[in-house]
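Novice: Give me the fold of what follows.
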Amino acid sequence: NADDGTCDYAEDNFDCDGNCLVDVDCNGDCGGSAVVDECGECGGDNSSCAIALSLDGGDLNYSSGSDIAGFQFNHDGCVTGAGGGAAEDAGFMISASSTAVIAFSLTGGVIPSGSGTLLILDGDLTGDCLFDFIVSDPGGDALDVTYSYSGCTDSAACNYDENAVNDDGSCEYAEDNFDC
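Specialist: Alright, predicted model coming up:
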């Protein structure tokens, strides 16, 4: 029972023939811990299936870790037209009705992951007039959407907007001795 130095020991998780004895993770590592995230990426952090939208004047801007195959959102009548931006560059059909905007490709075109102006909107736009965003990836799965806009962030102002994330200098205040 003495070790004469000729004995080879298998690596952790492997037998002497090099076969993996435990589970293989999504990277193909024997005994590894990587898992597929909600976005379908091995070892991902769920960020590639998220998209951030923001309104800057009439520009609806985006930052996305995933390709965009289509989108739609509702509005309260503030949008009178929509076009341009990355949606038009990708050949999307863009339609704006009195309550909704929808855009998609009939040929399978996508807006590549990245950032820029998604769409240029016409109308009497305020940040809170756009809502219920749905953005889809090429597989038809919905991306997680966050939406932000600028507005009056001073709670003492008459036009305070609790949902605005950046103050745009539009705050209006009551005259002395008057309410809003």
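Novice: Sheet partners, orientation included, of the lengthiest strand in the chain?
Specialist: Longest strand in the chain, counting residues (DSSP state E): strand 114-123. Next to strand 114-123 in the sheet, as set by DSSP bridges, lie strand 59-64 (antiparallel), strand 79-83 (antiparallel).
Novice: on contacts alone, who are the packing partners of the next helix or strand after that strand?
Specialist: Per DSSP states H and E, the first helix or strand lying C-terminal to strand 114-123 is strand 130-136. Packing partners of strand 130-136 (3 or more Cβ pairs under 8 Å, 6 or more residues apart in numbering; DSSP states H and E): strand 50-56, strand 70-75, strand 144-151. (Glycine included, C-beta is placed from N, CA and C.)
Novice: follow-up on the earlier one: now do the longest strand of the chain: everything it contacts.
Specialist: Contacts to strand 114-123, defined as Cβ atoms under 8 Å, 6 or more residues apart in numbering, come from residues 53, 55, 58-64, 68, 71, 75, 78-88, 94, 96, 101, 103, 111.
Novice: Restrict that strand to CA atoms and write it as CSV.
Specialist: Taking C-alpha atoms only, strand 114-123 is exported to CSV below (Å, rounded to 0.1, in the frame of the first residue of the first chain):
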residue,chain,number,x,y,z
GLY,A,114,-27.4,49.5,-29.1
SER,A,115,-28.8,53.0,-28.5
GLY,A,116,-30.1,56.0,-30.4
THR,A,117,-33.4,57.6,-31.5
LEU,A,118,-36.0,54.8,-31.9
LEU,A,119,-38.7,57.1,-33.3
ILE,A,120,-39.5,60.8,-33.9
LEU,A,121,-42.9,61.8,-32.6
ASP,A,122,-45.0,64.8,-33.6
GLY,A,123,-47.7,66.3,-31.4
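Novice: Let the chain start at 25 from now.
Specialist: Right, with 25 as the first residue, what we last looked at is strand 138-147.
Novice: Just the buried positions in that strand, please.
Specialist: For strand 138-147, burial by neighbour count (16 or more other Cβ atoms under 10 Å) applies to T141, L142, L143, I144, L145.
Novice: any idea how far the second one lies from A180?
Specialist: If I follow you right, that is L142. Distance from L142 to A180, counting by Cβ to Cβ, to the nearest Å: 34 Å.
Novice: now swap in the third one and tell me
Specialist: Taking Cβ to Cβ as the measure, L143 falls 34 Å from A180.
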